[in-house]
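Asker: Here is a sequence with its predicted model. Questions after.
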Amino acid sequence: MIAAAALTVQVGLLALALTLPGFQVRQVTVVGTHLLTTGAVVAAAEVPEQSIFTINGAAIQGRVQALPWVASAVVTTQLPATVEISVIERAPMLRIRRGGSDTLVASDGASLPGIDATPAARSGIPVLIDDRAGSPQPINPVLVELLSSISQRFPAVFGCSVAAYLWGRDDVVSLWTSSGWRAILGHLDTQDALQALPAQIETLAAIK
């Protein structure tokens, strides 16, 4: 009888914990974001408004990690009613501007619409203005890495920074500097052209 009574009390307490309003999820916090907005992560997480004790952290984690800019995510719960999502993001290497919209691109080709990125994330990243005719074409990840590397090294070598890259309607890529001068890099849509790009920059440095 004592055991049965204890079990009844335990079941009652469990039922109470699952139904009390104080334990219903009221807050979702996000930490570790620099590129993604908190709203974008919360929207992807789709945390249900239910008891904190029945939250499926693995399901939430899977939905957040499905975001192209999230490398990994960890979901934890905090009593009485908080779900915390901790994320590690990929690093952006290039900002592509086409038709008035921005897209951030990582080295592995993952992309993030600029509208989902924080203002701080959109600053300080090399800009490629894509004016190519026709529908948007993917950017070769090798080219993404090369343009990012050139931008990082440019100030030390040339005494000015890369203001923007321009991929024109004639498919020619050019580099514009903060000092106002322009370097034409040519067609960069083949592997041979990409392999020759570092030598072009070295020649440009020698001319300087």
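Answerer: Yep, it's here.

Asker: how far does the helix or strand residue 129 falls within sit from the chain's center?
Answerer: Remark: residue 129 resides in strand 127-130, with elements defined by DSSP states H and E. Relative to its chain's centre, strand 127-130 lies at 18 Å (Cα atoms, centre = their mean, to the nearest Å).

Asker: Would you map the strands across this protein?
Answerer: Taking DSSP state E to define them, one finds strands in the chain at 27-31, 70-78, 82-89, 92-98, 101-106, 111-113, 127-130, 162-167, 173-177, 182-186.

Asker: picking that back up, partners of the strand holding residue 129 in the sheet?
Answerer: In the sheet containing strand 127-130, the strands it pairs with under DSSP bridges are strand 92-98 (parallel), strand 162-167 (parallel).

Asker: Lowest mean pLDDT across these, which one is that?
Answerer: When those are compared by mean pLDDT, strand 92-98 comes last with a mean of 89.

Asker: any residues touching that one, and which ones?
Answerer: Defining contact as Cβ atoms under 8 Å, 6 or more residues apart in numbering, one finds that strand 92-98 is touched by 35, 102-107, 112, 114, 121-122, 125-131, 136, 139, 144-145, 147-148. Where you see a C-beta, it was placed from the backbone N, CA and C, and this is true even at glycine.

Asker: do the same with stretch 148-165
Answerer: Outside stretch 148-165, the residues touching it (Cβ under 8 Å, 6+ apart) are 93-94, 107, 126-129, 147, 173-179, 197, 201, 204-205, 208.

Asker: Narrow those to those that are buried.
Answerer: Buried by 16 or more other Cβ atoms under 10 Å: 93-94, 126-128, 147, 173, 175-177, 197, 201, 204, out of the contacts of stretch 148-165.

Asker: Distance to residue 25 added to these, as JSON lines?
Answerer: Listed next are these as JSON lines, based on distance: Cβ to Cβ, whole Å:
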{"residue": "93", "distance to residue 25": "36"}
{"residue": "94", "distance to residue 25": "38"}
{"residue": "126", "distance to residue 25": "41"}
{"residue": "127", "distance to residue 25": "40"}
{"residue": "128", "distance to residue 25": "42"}
{"residue": "147", "distance to residue 25": "43"}
{"residue": "173", "distance to residue 25": "50"}
{"residue": "175", "distance to residue 25": "50"}
{"residue": "176", "distance to residue 25": "50"}
{"residue": "177", "distance to residue 25": "52"}
{"residue": "197", "distance to residue 25": "51"}
{"residue": "201", "distance to residue 25": "53"}
{"residue": "204", "distance to residue 25": "57"}
